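K.L.:
no sequence for this one, just the structure:
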């Protein structure tokens with residue numbers, strides 16, 4: 001009886017040892033490093049690259065081809081970042097764990113991030129979903145380190161009782177921090 005238990009423990013020990021050896025081999029020998037990924041053409045995406053890609057996807061093909069030939073103008077960039085912020089922050093439900101706030105944190109200043117952290121929604125079993133779509137935007141003011149973008153948006157609120165549409169007008173303030181435009185305020189009229 002004791003002999004069978006010993007054999008079982010030895011077999012289990014060998015299996016665990018092999019699994020650990022395989023995992024260590026995989027993580028330290030087979031897994032490609034960041035340099036290997038770059039050599040293979042795989043580069044990790046950054047938030048700014050994601051934003052620029054989303055900006056390009058939103059533009060019409062003729063504007064895309066013009067912008068690909070010329071670099072983004074500051075005015076175009078602040079306008080697009082403002083639109084992305086307004087739509088991402090303004091599109092949410094009371095059942096998504098405030099993901100809309102997490103999504104916009106890379107776009108904002110520290111001061112704005114503090115304000116956003118106080119905008120948490122209470123989760124509820126009674127569904128309320130909000131979709132915000134920017135329908136027009138224009139740069140009101142831009143200088144070397146600050147900008148203001150005016151936005152017109154449509155907000156659709158959906159509940160179990162139906163749908164309600166609302167038109168909004170507001171402004172988005174941006175500041176330039178280390179050559180990167182960040183949202184510093186959102187003000188609805």
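P.N.:
Looks like it came in fine. Everything numeric here is computed off the predicted structure, so don't read it as measured data. Numbers count the residues shown, from 1 in each chain.
K.L.:
lowest average confidence, helix or strand, in the chain?
P.N.:
helix 34-39 (a mean of 46; mean pLDDT, DSSP states H and E).
K.L.:
for residue 153, give the beta-bridge partners.
P.N.:
Bridge pairing for residue 153 (DSSP bridges) gives the partners residue 134, residue 168.
K.L.:
just checking, it touches residue 165?
P.N.:
No - between residue 153 and residue 165 there is no contact under CB atoms under 8 Å: 11.0 Å. (Each C-beta comes from the backbone N, C-alpha and C, glycine too.)
K.L.:
who has more neighbours, these two?
P.N.:
Set residue 153 next to residue 165 and count neighbours by other CB atoms under 10 Å: residue 153 wins out with 20 against 9.
K.L.:
gap between that one and residue 177?
P.N.:
25 Å (CB to CB, to the nearest Å).
K.L.:
can you check residue 19 too?
P.N.:
Distance from residue 19 to residue 177, by CB to CB: 47 Å.
K.L.:
check residue 187 too.
P.N.:
For residue 187, the distance to residue 177 - CB to CB - is 20 Å.
K.L.:
likewise residue 170?
P.N.:
Where residue 177 is concerned, residue 170 sits at a distance of 22 Å (CB to CB).
K.L.:
residue ranges with poor pLDDT in the protein?
P.N.:
Along the chain, the model assigns pLDDT under 70 to residues 1-2, 27-72.
K.L.:
that one: helices as residue ranges?
P.N.:
Assigned by DSSP state H, the helices in the chain fall at 2-25, 34-39, 47-58, 61-69, 74-89, 99-104, 110-117.
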